[in-house]
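1. here's my sequence, what's the structure:
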Amino acid sequence: MHISGDTDRSVIFVHECGFKPSPEEYLDALIASVTAGIESDHAESLELFASVSKYLAYYSDLSKEFLAAQSQYYDEKLDVSDLAGALHELKSIDRKKGFRVGNYDKLPGKSSVKEFAVSLLAPLLSAVGLEKRLVAGISKDLGEYWKDNSELGNAVLDRVRTTIQTALDRNERIMLIAHGTGAIVAYDALWQLSHDPVYAGQYKDSKIDVFLTLGCPLSDSTVCRQLKGARRKGRERFPTNVVAWHNVAAEDDYICHDNTVSDDFKAMLKQRQVSSIRDYHIYNLAIRYGVSNPHSAIGYLVHPRVTRIVIGWLTQSFGKPLPKSIL
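-> This next block holds a predicted model:
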């Protein structure tokens, strides 16, 4: 899914595993979320954001087919309506004071139980080799993605990688925004473009300006062991095509129970494979289906912190330091 712009910049969205609305509906929701934040905080940059190309690396159709075979059900019309209602409520929140812990604690169904349980159990399960099976039980299509020579896994990775390649082939300045488990696929695609002999010859020197991960599990010990390059040494272990990495994690988002990536990927800095890695902690105020959902993509995208990161990239003159507003 692609919406053309009239500048040399593009935003690529990578959604997480599981059910998602149609690519048209979902890309509209993601763009509307970013636009809402910009309109509230930096209205002067609305036209600038409108002028960039937007891509959605969409693979939910593949997940839907796989999950339907697992007897899982999805009501797309209801989900689209609930997405719209959630964004409407998020747009009404006061931008200066509303995204603080006080308002978060008042949300219906707000709970830290899942995040606490995952944080507590992850190291124990990892020690006895059960964690991968637990993850696969929670996200069946992610479990399938990790299988050797998985048809689904290869197809999903191909969708994300070719979307990035399309933008690189157009010599565009790229912000790559990956939500949840979509960050795993995005990372694997970046690694392939950096080191896989099939792609590295053409893309190893290409750069992504900003890799923005939202509620991502890349610091989880099981996930780290499954990433492309995990068994390599030195520079071959990590992607070499990211300039700046911003990671945003919400309170109680159990998907990113280990909520910092800068410590787990610090070797990228030491080896000068990335210019900066920064972690941010936020409160995600999205309400989905009547209860708090701290993992919601639109809740992340509309947040003032994410807005500042996007604006920093939109207004950045390359070759100069990043503006202090996003440091």
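
2. direction included, what does the top strand by length along the chain pair up with?
-> Secondary structure assigned by DSSP state E gives strand 242-250 as the longest strand of the chain. When sheet partners are counted by DSSP bridges, strand 242-250 sits next to strand 208-214 (parallel), strand 276-282 (parallel).

3. most packed of the ones you listed?
-> Highest mean neighbour count among the strands paired with strand 242-250 (mean count of other Cβ atoms under 10 Å): strand 208-214, with a mean of 25. (C-beta placed from N, C-alpha, C; glycine too.)

4. show the subsequent helix or strand relative to that one.
-> Next in sequence after strand 208-214, counting helices and strands by DSSP states H and E, comes helix 221-226.

5. what is that following helix packed up against?
-> The elements that helix 221-226 packs onto, with contact taken as 3 or more Cβ pairs under 8 Å, 6 or more residues apart in numbering; DSSP states H and E, are helix 113-127, helix 131-138.

6. how far does the longest strand of the chain sit from its chain's centre?
-> The offset between the C-alpha centroid of strand 242-250 and the centroid of the whole chain comes to 9 Å, using Cα atoms, centre = their mean, to the nearest Å.

7. can I get the strands paired with strand 242-250 in JSON lines including mean pLDDT and distance to Y199?
-> Formatted as JSON lines, the strands paired with strand 242-250 follow (pLDDT from 0 to 100; distance: least, Cβ to Cβ, whole Å):
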{"stretch": "strand 208-214", "mean pLDDT": "97", "distance to Y199": "14"}
{"stretch": "strand 276-282", "mean pLDDT": "96", "distance to Y199": "23"}
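
8. on that earlier part again, can you flag the weakest of the helices and strands packed on helix 221-226 by average pLDDT?
-> Of all the helices and strands packed on helix 221-226, the minimum mean pLDDT falls on helix 113-127 (a mean of 43).

9. count of neighbours near the closest residue to G180 other than its chain neighbours?
-> The spatial neighbour of G180 that comes closest, neighbours along the chain excluded (Cβ to Cβ, 6 or more residues apart in numbering), is E16 at 3.2 Å. Using other Cβ atoms under 10 Å, E16 has 25 other residues around it.

10. the chain should start at 13 in everything you say after this.
-> Let's use 13 as the start, then, which means that last one is E28.

11. quick check: E28 touching A198?
-> No: in this structure E28 lies outside contact range of A198 using Cβ atoms under 8 Å: 10.3 Å.

12. low-confidence regions, the chain specifically.
-> Within the chain, the ranges that satisfy pLDDT under 70 run 13, 123-150, 329-339.

13. show me where it has its strands.
-> Taking DSSP E as the criterion, the chain carries its strands at 14-15, 21-26, 65-69, 185-191, 220-226, 254-262, 288-294, 299-300, 303-304.

14. of the ones you listed, which is nearest H207?
-> For these, distance to H207 was read as Cβ to Cβ. The smallest value, 13.3 Å, belongs to strand 254-262.

15. tell me what angle the closest one forms with strand 185-191.
-> What separates the directions of strand 254-262 and strand 185-191 is an angle of 30 degrees, with axes from the mean of the first three to the mean of the last three Cα atoms, to 10 degrees.

16. so which bits of strand 254-262 are buried?
-> Residues V254, V255, A256, W257, H258, N259, V260, A261, A262 are the ones in strand 254-262 that count as buried (16 or more other Cβ atoms under 10 Å).

17. would you check which pair of the residues you listed lies furthest apart?
-> Across these, no pair lies farther apart than V255 and A262, at 24.6 Å, counting by Cβ to Cβ.

18. could you dump the longest strand of the chain to CSV, C-alpha only?
-> Extracted C-alpha coordinates of strand 254-262, given in CSV (Å, rounded to 0.1, in the frame of the first residue of the first chain):
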residue,chain,number,x,y,z
VAL,A,254,20.2,2.7,10.3
VAL,A,255,21.4,6.2,11.2
ALA,A,256,19.2,6.8,14.3
TRP,A,257,17.1,4.4,16.3
HIS,A,258,14.3,5.7,18.6
ASN,A,259,12.5,3.2,20.8
VAL,A,260,9.2,4.2,22.5
ALA,A,261,7.8,1.9,25.2
ALA,A,262,4.5,2.4,27.1
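
19. now do stretch 82-89: distance from first to last residue.
-> One end of stretch 82-89 sits 21 Å from the other (Cα to Cα, to the nearest Å).

20. identify the residue nearest L226 in space, chain neighbours excluded?
-> Y312 (4.1 Å).

21. tell me which residues touch I15, please.
-> By Cβ atoms under 8 Å, 6 or more residues apart in numbering, I15 lies in contact with L39, I43, S65, K66, Y67.
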